[in-house]
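J.: predicted structure and sequence below. I'll ask about it afterward.
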Amino acid sequence: MAKAKLKFLDLNARHPGVSSGVALSYAEAARVSLDRHHTSPCEFAIQDNSDNHVAEAEWAECDAALKAAWANKDDATRDGAYGLALAAVEETRNLVAVGRAETRTGADYYLSETPVAPDSFEGSVRLEVSGTSDGSNSVINARLTQKLEQTKKGTSNLPAIASIVGFSALRIVSADLEHS
């Protein structure tokens with residue numbers, strides 16, 4: 001059986017809400033963030049609520065120019081996390097980004113299994129993303145709790161997922177927001 005792949009290098013080919021320029025940016029940031037700790041290929045443990053998956057990430061090593069362009073570690077971690085989180089929800093849930101979320105909605109992206117009208121995200125799921133470069137499992141889990149709380153306070157009432165990417169830990173943890 002073939003290993004599952006984290007397809008983060010060409011998100012725009014499958015995610016209508018991610019332009020080719022944004023996809024390239026996320027891929028570069030993910031490569032730089034992964035190069036900080038690992039060599040290609042490597043396996044990510046993906047925890048989606050109580051479901052566990054493993055998926056392989058593969059990328060070309062970064063040259064000095066790319067590393068210099070992404071020298072801001074916080075920006076590279078954030079943008080790389082967007083790319084890997086989108087690839088993970090595609091792999092585990094068959095969801096793709098259909099648009100960027102507005103400020104204060106409690107999310108970064110709107111996701112859907114089916115295409116939606118560009119001016120309506122009705123029926124979509126919100127995705128809130130965060131990343132950590134050096135964080136341990138306890139840091140990743142604490143960040144997930146924080147992001148679920150942030151999503152709960154958003155102005156949107158659409159269902160939501162929070163996803164945390166741990167680059168050093170090779171771990172992606174996602175959970176659904178439970179409405180109370």
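T.: Arrived safely, thanks for sending. It should be emphasised that the depicted structure is a prediction, and the values quoted were computed from it without experimental measurement.
J.: all strands of the protein, in order?
T.: 4-5, 42-48, 51-57, 96-100, 109-112, 125-132, 160-166, 171-176 (DSSP state E).
J.: residues in contact with N141?
T.: Residues in contact with N141 (Cβ atoms under 8 Å, 6 or more residues apart in numbering) are V173. Using the backbone N, CA and C atoms, a C-beta is placed for each residue, glycine as well.
J.: measure the residue positioned nearest the centre of the chain to S120 for me?
T.: Centroid check for the chain by Cα atoms, centre = their mean gives A85 as the closest residue, at 1.7 Å. Distance, A85 to S120, using Cβ to Cβ, to the nearest Å: 23 Å.
J.: V165 now?
T.: 29 Å.
J.: more neighbours: those two, which one.
T.: V165 (32 against 11; other Cβ atoms under 10 Å).
J.: ok, that one touching A76?
T.: No - V165 lies out of contact with A76 (Cβ atoms under 8 Å); the separation is 11.8 Å.
J.: report how many residues lie close to G135.
T.: The number of residues packed near G135 is 21, by other Cβ under 10 Å.
J.: ok, it - contacts?
T.: 143, 166, 168-169.
J.: so which of the residues you listed wins on neighbours?
T.: That'd be G166 among the contacts of G135, by other Cβ under 10 Å, with 27 neighbours.
J.: on that earlier part again, of the strands of the chain, which is nearest V18?
T.: strand 96-100 (5.2 Å; Cβ to Cβ).
J.: who does that closest one pair with, and is each partner parallel or antiparallel?
T.: Paired strands of strand 96-100, with direction, are strand 109-112 (antiparallel) (DSSP bridges).
J.: export the strand it pairs with as CSV, just CAs?
T.: Extracted C-alpha coordinates of strand 109-112, given in CSV (Å, rounded to 0.1, in the frame of the first residue of the first chain):
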residue,chain,number,x,y,z
TYR,A,109,-9.6,29.7,5.5
TYR,A,110,-13.0,28.4,4.4
LEU,A,111,-13.0,24.7,3.4
SER,A,112,-15.4,22.6,1.4
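J.: if anything else comes up later, I'll come back, but that's it for now.
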